[in-house]
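Chemist: what follows is a predicted structure for the sequence shown.
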Amino acid sequence: MKKIVSRTLTAKKTFRFRKGFSLIEVSIALGIAAYIMVSTYALISQGLKHQARAIALNNALFLAKIKMAQIDASPKLETTSSKGEIPGYNGYSYEMEIKETELDLLKLADNKGKTPNASDLMGKDNNAKMNELLEKKGKAKGSQTGGIIKVFNIKVKINYPMGTELKSYEVETIKSSAF
């Protein structure tokens, strides 16, 4: 008699080593690399824009200083205004205005809520000297006002291009007229 031997068939487990990446893994890696590259280019672009703004503003500041130095170097100031293009700086222009106004020194004093007196500004002894000087000039109201002086209010505005729009940098100062 033949013996029937039952054999159980066992599935052979085979291990295969992959020789590359799957399409999903490559797609994820490309997506991450693209995100990093776009972020890097955006930062570089933003840095270049900030650099251009800084250069334009620095040029405007430099040109305003030059214009103020020109005004300061003039021997006699008078009420005037002018505007024009700035040669050598494409798209840059200036506007200048000089006005003569009166300035009350007492209004400029900081008296922390108290009613200001002229003697608060100059002391009791100096107030008489101020009145003397103002009387010589034909203005005897020094003790009531603390001294009104004539000044020139000087405004310089530099317009400069920033991309598609026009920005401006303004400087304002005062200069005493002959006292």
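Modeler: Ah, there it is. Numbers count the residues shown, from 1 in each chain.
Chemist: could you find the closest non-adjacent residue to residue 90?
Modeler: Distances taken as CB to CB, 6 or more residues apart in numbering place residue 161 nearest to residue 90, at 7.8 Å, with adjacent residues excluded. C-beta coordinates here come from the backbone N, C-alpha and C atoms, glycine included.
Chemist: contacts only, for the one you found.
Modeler: Going by CB atoms under 8 Å, 6 or more residues apart in numbering, residue 161 touches 56, 90, 91, 92, 167.
Chemist: got it, and residue 71?
Modeler: Per CB under 8 Å, 6+ apart, neighbours of residue 71: 77, 96, 98, 154, 156.
Chemist: ok, and the most crowded of those residues?
Modeler: residue 156 (22 neighbours; other CB atoms under 10 Å).
Chemist: tell me the strands beside the helix or strand in which residue 149 is found, with direction?
Modeler: Assigned by DSSP states H and E, residue 149 belongs to strand 148-162. Strand pairing for strand 148-162, using DSSP bridges, gives strand 93-104 (antiparallel), strand 165-176 (antiparallel).
Chemist: show me which of the contacts of residue 161 are buried.
Modeler: 56, 92 (16 or more other CB atoms under 10 Å).
Chemist: could you check how far the nearest residue to residue 166 once chain neighbours are set aside is from residue 92?
Modeler: Nearest residue to residue 166, sequence neighbours excluded (CB to CB, 6+ apart): residue 159, at 5.5 Å. Residue 159 sits 7 Å away from residue 92, going by CB to CB, to the nearest Å.
Chemist: dump the strands paired with strand 148-162 to CSV, plus mean pLDDT and distance to residue 37.
Modeler: Listed next are the strands paired with strand 148-162 as CSV, based on pLDDT from 0 to 100; distance: least, CB to CB, whole Å:
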stretch, mean pLDDT, distance to residue 37
strand 93-104, 91, 40
strand 165-176, 92, 30
